[in-house]
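Asks: give me coordinates for this.
(chains A and B)
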Amino acid sequence: MVSTEALLQHLVSGLTVGSIYAATALGLTIVYGLLKVLHIAHAAVYVIGGYAAYIAYTSTGSIVLAVAAAAVVPAVAGVVLARILYMPMLEKPRHIPLMLSIAAFLLIEELIANIFGHHPKGFHIEGVPTDPIDIGGITIRPSSLIVVPVTVLATIALWVAYNRTKMGIASQALVQDMEVAQALGVNMPFIVYVNFAIGSILAGIAGLLYAVHYGSISPYMGDVVAYKALVVIVLGGFGSIMGALVGGLILGVAEEVLTSYLGYILPREAYAFIVLILLLILRPQGLFGRAE
Amino acid sequence: MRSISTPKLIAIIVVLAIIAVAAYAILRGGIGGPETIKIGFFAPLTGPASADGIAARTGAEIAVEILNEQGGVLGKKVELVVYDDALNPDQAIAVSHKMIEQDQVVAAVSGSYSSTTLAASSVFDEAGVPLVVAYAVNPLITKDKQFVIRVGMVAEVEGRAAGYTAVNLLGARKVAILYIDNPYGKALADNAKAKLEELGAEVVFVDKFQFATDDFSPWLNQIKSIEETKGLDVLMIFGYYQHATAVKQARELGIKAQILGAEGFDSPKFIEIAGPAAEGVIIVTDFDRDSPNPLVKEFIKRYREKRGIEPDMVAASAFDAVMVLAKAIEKAGSLDKQKIMDALRGLTDYDGVAGKILRFTPGGNAVKELTLQIVRNGEFRRYGMITEEEIIVPSE
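Replies: Have a look, this model is predicted:
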């Protein structure tokens, strides 16, 4: 009925889109684990990454500077957000930082729209190939060969950092019990900022990956990512790095396959929500999360 | 304080009252005749469609400039009263009321999409104020309305023209259609499909996408598969400039078919976002960059000066809407709204920037020549013209 080739074709596309979701969700899951806050403004950091890269690339023509900008500017933005929005609200009920986060997200998006224009901008990087690549009868877009490996490598690097470095162990300690960890000497604000910086770098890079894959950036490109990254961390388990990767990839593939074969029933975005609802009913802790 | 006698007091109050009312009326342009002819204008100046809104506004502004340089209309300067609808129908209704009741415009021009224009059109029709629609394509905008007229293309005509172009001009036998899930896309797709089948071509794939779609691989993978197994001559993509990424993705997936779009792609933003993949894409539209009409050249020159980018169909249509309205007011010889409307309906042979309008149908839609434009070296150029009556006359 449906050929293996066609399915594999869909798989590749789904993994690519899923990687962009995963890259964004990685940062989100780290932050949630630490501060138990849904950092919606993370989606704005993602947009900042895309625009920082765009400005760097169009003014210098250097890919290296574009990547650096996509990492550094979001890192600074993320740390600033942590300092202003979340650190002062650690003792408050959880809905307060959440509301602040949503407000910050909307504010940043509108600022970007007003400064850079409301409409999307074409963003094409010369040197990134655009010819289709044929592997074993399947056609792969060259951007897929950038997006997927970068995300997988980032996930592995993150996992190693969290489980094999002092900083990573200290972060895990803070996640488990913030007070006790501090009492044992963990420098809480510093570790939190480092985590925010790392998470934001990932979001910024994800924003650049989006531009590479789609050829444009827009002030509102964070809208969809804002809720899809949430779906991913619910799917993968809050605080789980591997969960963010696997969850993202599964969501990307599910969307692709369901939209192709059942697209006439529901729009694509609806499938993300259906996955979310089913997950919350069947396995609320997500694939890799611990049951509370 | 010495007291003033009662009769004197009354006289002073009455005089002050008359002065106050007169001042107010003069400031509002009511008594003594308006200094300017106010034409209302609304478009999505903010939000995701703002590139089109700003382009349309610029087109309208250029028309007003040229009119005023030539002495205005009925001896008075034209003033454009501009509002943002943010592509929100509720906001469009609100600003329509403002234009009609507060600004008391003589008539108005819509530089906006169908959703907002449809909402506004009811307000203007009920108030008996003429509304000239620049480029929104939904047939319901003009249907059964007394005070709404459209200078742009209607979706039905565009879709038919796309089908005709694919088979008769591009020699297609197998066609795929991907369209945006709204009345614009649906009307284009339905009419294209009908024409294609009438002319003997096979529609091998039809599906729709949401406005906010960025990843087109679910459909493009299927289309590619069809191209490989059954063959594909033309891929019709009916969307807006935001969906130019679909063209980039199609080429990067190795789809080789000729890509055919419609007026939604008529924008420098389309070329910007599609990047190198835009090369060779053909669109059905009404703005011919290579038109011999000197008005077109003048328009392009002024637009480039104002914005530093190329003009597009929405700007050209807004320009024509203002010009057509001005002509009608001159022809009517008065600001009487019914007379202006009659003059609009009776207009013929307007050789505008967005093509030549031959006449208007009783339903208020333009019968106009269409053009095919192709992207060559990153610019739209003329590829062909469509002037056959059987294609270009709207059914209403």
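Asks: and the residue nearest to the spatial centre of chain B, how far is that from chain A?
Replies: Ranked by distance to the mean C-alpha position of chain B (CA atoms, centre = their mean), the top residue is residue B:135 at 1.8 Å. Shown here: residue B:135 relative to chain A, a distance of 17 Å by CB to the nearest CB, to the nearest Å. Heads up, the C-betas are built off the backbone N, CA and C, glycines and all.
Asks: doesn't residue B:318 make contact with that residue?
Replies: Yes - if you go by CB atoms under 8 Å, residue B:135 and residue B:318 touch, sitting 7.4 Å apart.
Asks: find the residues that touch each one of the two.
Replies: Common neighbours of residue B:135 and residue B:318 are listed as B:56, B:111 (criterion: CB atoms under 8 Å, 6 or more residues apart in numbering or on different chains).
Asks: my guess is residue B:218 contacts residue A:9. True?
Replies: No - using CB under 8 Å, residue B:218 makes no contact with residue A:9, being 10.4 Å away.
Asks: okay, helices next: where are they in the stretch 251-396 of chain B?
Replies: Remark: helices assigned in the stretch 251-396 of chain B by DSSP state H, counting those that start in this stretch are B:268-274, B:294-307, B:313-332, B:337-345, B:389-392.
Asks: go on, the stretch 51-200 of chain B?
Replies: In order along the chain, the stretch 51-200 of chain B carries the following helices (DSSP H, counting those that start in this stretch): B:89-97, B:114-127, B:155-164, B:183-198.
Asks: make JSON lines out of those helices and add mean pLDDT, mean neighbour count and distance to chain A.
Replies: Conversion of the helices of the stretch 51-200 of chain B to JSON lines gives the following (pLDDT from 0 to 100; neighbours: other CB atoms under 10 Å in any protein chain shown; distance: least, CB to the nearest CB, whole Å):
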{"stretch": "helix B:89-97", "mean pLDDT": "97", "mean neighbour count": "20", "distance to chain A": "15"}
{"stretch": "helix B:114-127", "mean pLDDT": "96", "mean neighbour count": "22", "distance to chain A": "15"}
{"stretch": "helix B:155-164", "mean pLDDT": "95", "mean neighbour count": "27", "distance to chain A": "20"}
{"stretch": "helix B:183-198", "mean pLDDT": "95", "mean neighbour count": "21", "distance to chain A": "13"}
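Asks: C-alpha coordinates for stretch B:248-266, PDB please?
Replies: The C-alpha coordinates for stretch B:248-266 follow below in PDB (Å, rounded to 0.1, in the frame of the first residue of the first chain):
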ATOM      1  CA  LYS B 248      12.300  26.300  -1.300                       C
ATOM      2  CA  GLN B 249      11.400  23.000   0.300                       C
ATOM      3  CA  ALA B 250      10.000  21.600  -2.900                       C
ATOM      4  CA  ARG B 251      13.200  22.300  -4.900                       C
ATOM      5  CA  GLU B 252      15.400  21.000  -2.100                       C
ATOM      6  CA  LEU B 253      13.400  17.800  -2.100                       C
ATOM      7  CA  GLY B 254      14.100  17.400  -5.800                       C
ATOM      8  CA  ILE B 255      10.700  18.200  -7.200                       C
ATOM      9  CA  LYS B 256      11.200  19.200 -10.800                       C
ATOM     10  CA  ALA B 257       7.800  20.200 -11.900                       C
ATOM     11  CA  GLN B 258       7.000  23.700 -13.000                       C
ATOM     12  CA  ILE B 259       5.700  25.700 -10.100                       C
ATOM     13  CA  LEU B 260       2.600  27.900 -10.700                       C
ATOM     14  CA  GLY B 261       1.400  30.300  -8.200                       C
ATOM     15  CA  ALA B 262      -1.200  33.100  -8.000                       C
ATOM     16  CA  GLU B 263      -1.400  36.700  -6.800                       C
ATOM     17  CA  GLY B 264      -0.600  35.700  -3.200                       C
ATOM     18  CA  PHE B 265       3.000  35.100  -4.400                       C
ATOM     19  CA  ASP B 266       3.100  38.500  -6.200                       C
END
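Asks: any idea of the mean pLDDT in that stretch?
Replies: Taken as a whole, stretch B:248-266 has an average pLDDT of 96.
Asks: great, nothing more from me.
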